[in-house]
Structure formats: C-alpha cells, structure tokens
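In: predicted model, plus sequence, below.
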Amino acid sequence: MNILDLDHSLTAQAPIARLLDSGRAKRLDLLDLGPKLRLWSSERTWRQFAERLRQRARHRGPQPEIYFVGSGDYHHLTPAFLTDLPTRVSLIHFDNHPDWVRFAPRRHCGSWVNQALKLPNVERIVTLGPCSDDLQNPQLKGGNLGALKRGVLQVFPWRHPPSKVWGVVGDGAGHQQQENLLHWRNLADLDWPVFLEQMIASLPTDAVWITIDKDVLANEDAATNWDQGGMRLTHLLQAILQLAASKRIIGIDICGEYAAPSFSNALKRWEAHADQPPAERWSADDLLRNSATNQALIELFEALFP
C-alpha cells in the first residue's frame, strides 16, 4: 500500500501509522506540493506530481496497487494513477459528487472525471452514490451530460430527485428521461447485492480500478472536507467484495480524509470557503470515524489481497 502524504491527514491516524511502522505501506512525502495541488493544480505542479509518482518503485505483481491520498480536495490526482496501466479498465467511482464539471480548470477536484474519460485505457466510468446538489440543473453547472448520453459515463445517485435538463439526453443505466427531467435510479431504493451483481455483469472489461471519496459515506462513517452522502460503510465494503469476486481489481485509491485548510493562494481559500461546509462542524471525536473506516478498509484489502 502507498500513503501519499500531502496534508498530514493520514499519518496522524493510528491504522495508517501501524501500516507504515510494519513496512506494509510506503510513504511518499508530497507535503511540499500539497497546498499547490489542493482543490486544483496548474499544469506545472501537475507535472511535478506525476514525475514524483513515476519515480517510485511501481508494483507490477498480481495484487492491486492501493493508494491512500488524503483530503477529497485531491481527487483530481486519480487520472495520474491510470495513465500507464497495462490493460483497459472500467473505473468504479464512489463519491457524493459526480466530479464531471466541464467549466472548471482541467486539473480540478470537481472536473477530473472528464480527464479520466479521455484516457485511452478507460473504457467506462460508473459513479456510485452522489446525493449532492451538483445533480440539480446539471447543465447550468457544467455537468458532462454528453458522456452520460454516450454511455461512457453512468451515474447512480444514492438518493436524488429528478434533474431538470434541456434537450435529449436519453435513457441510461442509471436514469430515464421523461420530457425535461432525468429520473435517477436511486441506489437507496434498490436491493444492493442484486444491483451490484447486475452492474458488475454489465462492465465492458475484466479489469477494474476503484476510486473512493469517503464523502460518499454517511456522517456515521466519515468526516470530510465536503458534504456527506448517504451510503454506509457496509455498502462500500460489500461492493468491493463483490467486485473482487467477479473482476480483476488492478488498483484502488482512497481520498476523503478531513484536512485543515491549507492552500497556496487566496483564490483557493475563497473557493473552499464558498463551496465547503464550515470546518467547525467536526470535533476531534468526529474525525476518529475516518480512522475506523480506514481500519475496516485495510483489513478488507489485506484479506482480499494477502
């Protein structure tokens, strides 16, 4: 396992410290780049990060590469993990936000899905769990409905009312269009194991990469820099188990820790203040939920990939 230390949020947690102390994980020191990468990145800083990532000794064995990344403000780093994979993959994306905004900067935590879709080895992205208001009037907010229309992107909200759209988007695996509304196939209303079986069977590749932002989880299971979703940890663990039973998982990355705000410029500070809930909503005890969730994930990974 790999610990990308961008913001101190991981190394302060007991489960991560035990991994590092035992040699079961390696730490990559990226603290100097953290504030420059957080929320969004210039191309220059992105290239610096990508080069540091390439310099590590990359694992090429039968077991998946696993990365713990830090705050969800770094989810736009995921495409860097996917650029030199040896096979075509389906990307299974757990998130409270679709991260598909076309109007944001290229390397932005709210737009990275569009960059991943451009990678030649990414066959399909399946986004599971959004509850956020990003799906309210998605065209006005820059949502990539074109990818949804083409079927290369599928979105399954945890729970969300119909979304107003203009023009023809058509039906998809996670939605049906009725006049100017997209009616979502809400996961909270489905039999979860049955849904997973159907979704996994429909994937176009044998290999999958899993990317997890823990803001997909309910308040009971995580405390992040963003608004929380409604999925429970048991649902997430079940999904990983069923994917591992039917597909070849070649990599997993996990973000969504809580990290105290630290940004490289005033524009990022303003954006975080405007878009993120106040930090005061979490106490030190609340943050312990992240450690417990990470412990559960680590135990599952070690059981599946000994």
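Out: Arrived safely, thanks for sending.
In: how far away is the nearest residue to Asp7 once chain neighbours are set aside from Ala284?
Out: Once flanking residues are discounted, Asp7 sits nearest to Ala259: 3.8 Å by CB to CB, 6 or more residues apart in numbering. Using the backbone N, CA and C atoms, a C-beta is placed for each residue, glycine as well. According to CB to CB, to the nearest Å, Ala259 stands 14 Å off from Ala284.
In: the two: which is more packed in?
Out: A direct count of neighbours by other CB atoms under 10 Å for Ala259 and Ala284 places Ala259 higher, at 22 against 6.
In: for the stretch 51-200 of the chain, what are the low-confidence residue spans?
Out: 57-61 (pLDDT under 70).
In: which stretches of it form helices?
Out: Assigned by DSSP state H, counting those that start in this stretch, the stretch 51-200 of the chain shows helices spanning 78-82, 112-117, 145-150, 192-202.
In: out of those, which is closest to Val168?
Out: Val168 sits nearest to helix 145-150 of all the helices of the stretch 51-200 of the chain, at 7.8 Å, using CB to CB.
In: what residues sit buried inside the closest one?
Out: Along helix 145-150, these residues count as buried under the neighbour rule (16 or more other CB atoms under 10 Å): Leu145, Ala147, Leu148, Lys149.
In: using TSV, please lay out those residues together with distance to Asp253.
Out: Below are the buried residues of helix 145-150 laid out as TSV (distance: CB to CB, whole Å):
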residue	distance to Asp253
Leu145	26
Ala147	21
Leu148	23
Lys149	27
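In: quick check, Leu233 in contact with Thr293.
Out: Yes - Leu233 lies in contact with Thr293 (CB atoms under 8 Å); the separation is 5.7 Å.
In: are there residues contacting both of these two? Which ones?
Out: Taking CB atoms under 8 Å, 6 or more residues apart in numbering as the contact rule, Leu233 and Thr293 both touch Leu217, Asp221, Ala222.
In: list buried residues within those residues.
Out: Buried among those (16+ other CB under 10 Å): Leu217, Asp221, Ala222.
In: can you tell me how far the second one is from Phe81?
Out: It stands for Asp221. Note on Asp221: its distance to Phe81, by CB to CB, is 24 Å.
In: before we move on, what about the first one?
Out: Going from Leu217 to Phe81 by CB to CB gives 21 Å.
In: picking that back up, now the shared contacts of Leu233 and Thr293 in TSV, with distance to Asp5?
Out: Shown next, in TSV, are the shared contacts of Leu233 and Thr293 (distance: CB to CB, whole Å):
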residue	distance to Asp5
Leu217	22
Asp221	23
Ala222	19
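In: so which of those residues are in helices?
Out: The members of the shared contacts of Leu233 and Thr293 all map outside helices under DSSP state H.
In: mind putting these in a markdown table, pLDDT and distance to Leu140 included?
Out: Converted to a markdown table, the shared contacts of Leu233 and Thr293 look like this (pLDDT from 0 to 100; distance: CB to CB, whole Å):
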| residue | pLDDT | distance to Leu140 |
| --- | --- | --- |
| Leu217 | 98 | 28 |
| Asp221 | 96 | 31 |
| Ala222 | 96 | 29 |
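In: just these now: which is nearest Thr45?
Out: Nearest to Thr45 among the shared contacts of Leu233 and Thr293, counting by CB to CB, is Ala222 at 27.2 Å.
In: so which of the helices of the stretch 51-200 of the chain is the most surrounded?
Out: With neighbours defined as mean count of other CB atoms under 10 Å, the helices of the stretch 51-200 of the chain peak in mean count at helix 112-117, which reaches a mean of 23.
In: what helices and strands are in contact with it?
Out: Using 3 or more CB pairs under 8 Å, 6 or more residues apart in numbering; DSSP states H and E, the elements in contact with helix 112-117 are helix 78-82, strand 122-128, helix 145-150.
In: dump the helices of the stretch 51-200 of the chain to CSV, plus distance to Asn96.
Out: Putting the helices of the stretch 51-200 of the chain into CSV (distance: least, CB to CB, whole Å) gives the following:
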stretch, distance to Asn96
helix 78-82, 15
helix 112-117, 14
helix 145-150, 18
helix 192-202, 17
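In: looking at the ones you listed, which is nearest to Phe305?
Out: Across the helices of the stretch 51-200 of the chain, closest to Phe305 is helix 78-82 (CB to CB), at 16.3 Å.
In: show residues contacting that closest one.
Out: By CB under 8 Å, 6+ apart, helix 78-82 touches 46, 49-50, 53, 65, 67, 89, 91, 112, 115-116, 119, 121-122, 209, 211, 251, 253.
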